[in-house]
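Novice: Need a 3D model of the sequence below.
(chains A and B)
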Amino acid sequence: MSEKFDAIVVGAGPAGISCAYDLAKGGASVLLLERGEYPGSKNVMGGVLYRKMMEDLIPGFYKEAPLERPITEQRFMMMDKESAVTFSYKGMEWAKEPYNNFTVLRAKFDQWFADKAVEQGAILINETVVLECIVENGKVIGVRTDRPNGEVYADVVVLADGVNSLLAQSLGFHKEYRPDEVALATMEILKLDKKIIEDRFNLEDNQGCTIELFGDATKGILGTGFLYTNKDTLSLGVGTLLSGLIKHKIKPYELLEYVKSHPMIRPYIQGSEPQEYLAHLIPEGGYNSMGKIVGDGVIVIGDASQLVNAIHREGSNLAMTSGRLAAETILSAKEVGDFSERILDQYRTKLLSSFVGQDMKKYKDSTHHFDKFPQYFTDYIPMVNKAASQMFTVDGSSKWEKQKKIWSDLGTTKEKMKLARDVYRAWKVIK
Amino acid sequence: MSGQKNYQSIEEKQYLVRFNADTKSHLHVKDEDICLTKCPDKICTIFCPAEIYKWEDIRMHVGYEGCHECGSCRIGCPHQNIRWEYPKGGHGIVFRLG
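Specialist: Alright, predicted model coming up:
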């Protein structure tokens, strides 16, 4: 297949498909390469797809896309060993068009999404690994695949090859990630009757609930767990920094089993049947780990450039926006016939001034901060649980006495000062 | 349907997953000696989510057929002793759902 395209997009995930879609729509010839048997067969996420970025690309997509449930309630559980303090928002504005976000199962969704790019004119080739970028005089001019005579050429190569972007790494765009720059997430899809899901999660038909789990779900290691409702399955997972698993010598699937057996979670999943087990890395180094994202004839998008907002469990939306900005840049480069780094750098500028870059900057120190100071997860969440238990347990002591007890449980004056400083610090890194 | 969900082993979890394994491995221990002499913890046997790394007396057995292709071993190996590639196109893990 020694052909030349306007653009080759490596990887059919949300970033790559969005990019290929817009490029094809804009009249460019696009080759979309996917290493899996089909788009989605290698892709994993907890399952939240944000409506806004998807709808900007395909208006009214929710009328035809294979979605699970619109999310109508988002819960946040701060867990101790046998308790939880839960915060939740539920709103009926999310139960109707245009919705806020949806749970999805990626193997189904990504295939549908890739088909949409194909409808626009992109050429999708599955079961093809890109082994390396072909570089000539410092400029990327194509890719070498694992197919016989597998060189393909293009004016621009877009790397959307995910968190393990060996291609961006081999171009020297970023160094190998450290174990504290990635989170390892494992999850299971659990089959459960639709009616039982709706009863357990207080839902009606075509409504969904997400629960984010903090604290004991990760045994105090930096990370989160999640429990999301699909149509007739649940997605239950847990992710922690790889460095945390290494430090505490914890097996990720044992942590997942721990979450499944936790008394705050067990009743939700009781009687369900595991359907699939999945593991994947999440890039969590943030802004400081992004590395170089533009070169001569090459652009990096999505997870491959670490575009994840871990604090808000956003990723696919950042990926899609980055893909679209890359497409926009390539289309205007095509007009002037110049695919040098100088011209393609518009992508970087646009990305950094968009919500993607702004949010990456806003939270640039958050992972590092919460990793460095584990007391938020190990001490303060249990403290909140204990305080709630104190306050709401009716035992004959007065509320003043209870408040006094809670105050003294916060520790010595010195410990209280430390707590106040940590609260201030946490506020600073996420403000 | 008892309230106590039994512990599910990694073997049971892996049984739920579809693999289309290639005939040759995409994972290679670069220097077997490093595992034997310089790596008492053999932490890859702990953090690998598919438990494909198993220490067998004097050498690391790599059950690449069950690999989720997550990349943790490449990043987490304290000696950068794992050469990690993607399996041949169309091979390796095939997620059907999530």
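
Novice: Would you map the helices across chain B?
Specialist: B:10-15, B:32-37, B:44-47, B:72-76 (DSSP state H).

Novice: most neighbours per residue, which of those helices?
Specialist: Stretch with highest mean neighbour count among those: helix B:72-76 (a mean of 24; mean count of other C-beta atoms under 10 Å in any protein chain shown). Yep, even glycine has a C-beta here, placed from its N, CA and C like the rest.

Novice: follow-up on the earlier one: let me have the helices of chain B in TSV, adding distance to chain A and mean pLDDT as columns.
Specialist: TSV is the format used below for the helices of chain B (distance: least, C-beta to the nearest C-beta, whole Å; pLDDT from 0 to 100):
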stretch	distance to chain A	mean pLDDT
helix B:10-15	4	97
helix B:32-37	16	96
helix B:44-47	5	98
helix B:72-76	5	98
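
Novice: Model confidence at whichever residue of chain A sits closest to chain B, what's the number?
Specialist: Nearest to chain B, among the residues of chain A, is A:Glu127, at 3.1 Å (C-beta to the nearest C-beta). At A:Glu127, the model reports a pLDDT of 98.

Novice: any idea how far B:Gly66 is from it?
Specialist: Counting by C-beta to C-beta, to the nearest Å, the gap from A:Glu127 to B:Gly66 is 20 Å.

Novice: ok, now A:Glu415?
Specialist: 47 Å.

Novice: Show me which of those two is the more surrounded one.
Specialist: A direct count of neighbours by other C-beta atoms under 10 Å in any protein chain shown for A:Glu415 and B:Gly66 places B:Gly66 higher, at 19 against 11.

Novice: For A:Val10, which residues are in contact?
Specialist: A:Gly16, A:Leu33, A:Val130, A:Val143, A:Val157, A:Val158, A:Leu159, A:Ala160, A:Asp161, A:Leu167 (C-beta atoms under 8 Å, 6 or more residues apart in numbering or on different chains).

Novice: Redo these as TSV? Include pLDDT.
Specialist: Formatted as TSV, the contacts of A:Val10 follow (pLDDT from 0 to 100):
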residue	pLDDT
A:Gly16	98
A:Leu33	98
A:Val130	98
A:Val143	98
A:Val157	98
A:Val158	98
A:Leu159	98
A:Ala160	98
A:Asp161	98
A:Leu167	98
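
Novice: I'd like to know which of those are part of helices.
Specialist: Using DSSP H, these in helices are A:Gly16, A:Leu167.

Novice: what's the closest non-adjacent residue to residue 43?
Specialist: No chain was given, so I picked chain A. Among residues not flanking A:Asn43 along the chain, A:Arg106 sits closest, at 4.7 Å (C-beta to C-beta, 6 or more residues apart in numbering or on different chains).

Novice: that's the wrong chain, I wanted chain B
Specialist: That would be A:Ile246: by C-beta to C-beta, 6+ apart, it lies 5.5 Å from B:Ile43.

Novice: thinking that neighbour is in contact with B:Ile75, fair?
Specialist: No. With contact defined as C-beta atoms under 8 Å, A:Ile246 does not count as touching B:Ile75 (10.0 Å).

Novice: intersection of neighbour lists for the two?
Specialist: What both A:Ile246 and B:Ile75 touch, as defined by C-beta under 8 Å, 6+ apart, is the set A:Pro179.

Novice: In PyMOL, select just the buried ones from the contacts of A:Val10.
Specialist: Buried residues among these (16 or more other C-beta atoms under 10 Å in any protein chain shown), as a PyMOL selection:
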select buried, chain A and resi 16+33+130+143+157+158+159+160+161+167
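
Novice: For the contacts of A:Val10, give me JSON lines that also has distance to chain B.
Specialist: Below are the contacts of A:Val10 laid out as JSON lines (distance: C-beta to the nearest C-beta, whole Å):
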{"residue": "A:Gly16", "distance to chain B": "15"}
{"residue": "A:Leu33", "distance to chain B": "9"}
{"residue": "A:Val130", "distance to chain B": "9"}
{"residue": "A:Val143", "distance to chain B": "13"}
{"residue": "A:Val157", "distance to chain B": "17"}
{"residue": "A:Val158", "distance to chain B": "18"}
{"residue": "A:Leu159", "distance to chain B": "14"}
{"residue": "A:Ala160", "distance to chain B": "14"}
{"residue": "A:Asp161", "distance to chain B": "9"}
{"residue": "A:Leu167", "distance to chain B": "10"}
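
Novice: okay, now the residue nearest to A:Leu307 when sequence neighbours are not counted: neighbour count?
Specialist: The shortest distance from A:Leu307 to any non-neighbouring residue, by C-beta to C-beta, 6+ apart, is to A:Leu318 (4.2 Å). Using other C-beta under 10 Å, A:Leu318 has 29 other residues around it.

Novice: ok, now the one 5 residues further on?
Specialist: When neighbours are defined as other C-beta under 10 Å, A:Gly323 has 30 of them.

Novice: Tell me who's in contact with it.
Specialist: Listed by C-beta under 8 Å, 6+ apart, the contact partners of A:Gly323 are A:Pro14, A:Ala15, A:Gly16, A:Ile17, A:Ser18, A:Cys19, A:Ala20, A:Asp22, A:Val158, A:Ala160, A:Ile301, A:Gly302.

Novice: Go through those residues and name the one nearest A:Asn100.
Specialist: A:Pro14 (17.3 Å; C-beta to C-beta).

Novice: dump the residue contacts of the closest one.
Specialist: So A:Pro14 contacts A:Asp110, A:Phe113, A:Gly302, A:Ser316, A:Asn317, A:Ala319, A:Met320, A:Gly323 (C-beta under 8 Å, 6+ apart).

Novice: try it again with 7 Å
Specialist: For A:Pro14, the contacting residues are A:Gly302, A:Ser316, A:Ala319, A:Met320, by C-beta atoms under 7 Å, 6 or more residues apart in numbering or on different chains.

Novice: For those, pick the one with the most neighbours.
Specialist: A:Gly302 (33 neighbours).

Novice: on that earlier part again, mind listing what the residue nearest to A:Leu307 touches?
Specialist: A:Leu318 sits next to A:Leu307, A:Val308, A:Asn309, A:Val356 when contact means C-beta under 7 Å, 6+ apart.

Novice: got the phi/psi numbers for the last one?
Specialist: It refers to A:Val356. Main-chain dihedrals, A:Val356, degrees, to the nearest 10: phi -60, psi -60.

Novice: same check, this time on the second one
Specialist: Summarising the backbone geometry of A:Val308 under the convention degrees, to the nearest 10, its torsions are phi -140, psi 140.

Novice: didn't it look like it was pressed against A:Tyr287?
Specialist: No. Contact between A:Val308 and A:Tyr287 fails when scored by C-beta atoms under 7 Å: they sit 10.6 Å apart.

Novice: higher neighbour count, these two?
Specialist: Taking neighbours as other C-beta under 10 Å, A:Val308 and A:Tyr287 compare with A:Val308 leading, 28 against 17.

Novice: and the more buried one, what does it touch?
Specialist: Contacts of A:Val308 (C-beta under 7 Å, 6+ apart): A:Ile282, A:Pro283, A:Glu284, A:Gly315, A:Leu318.
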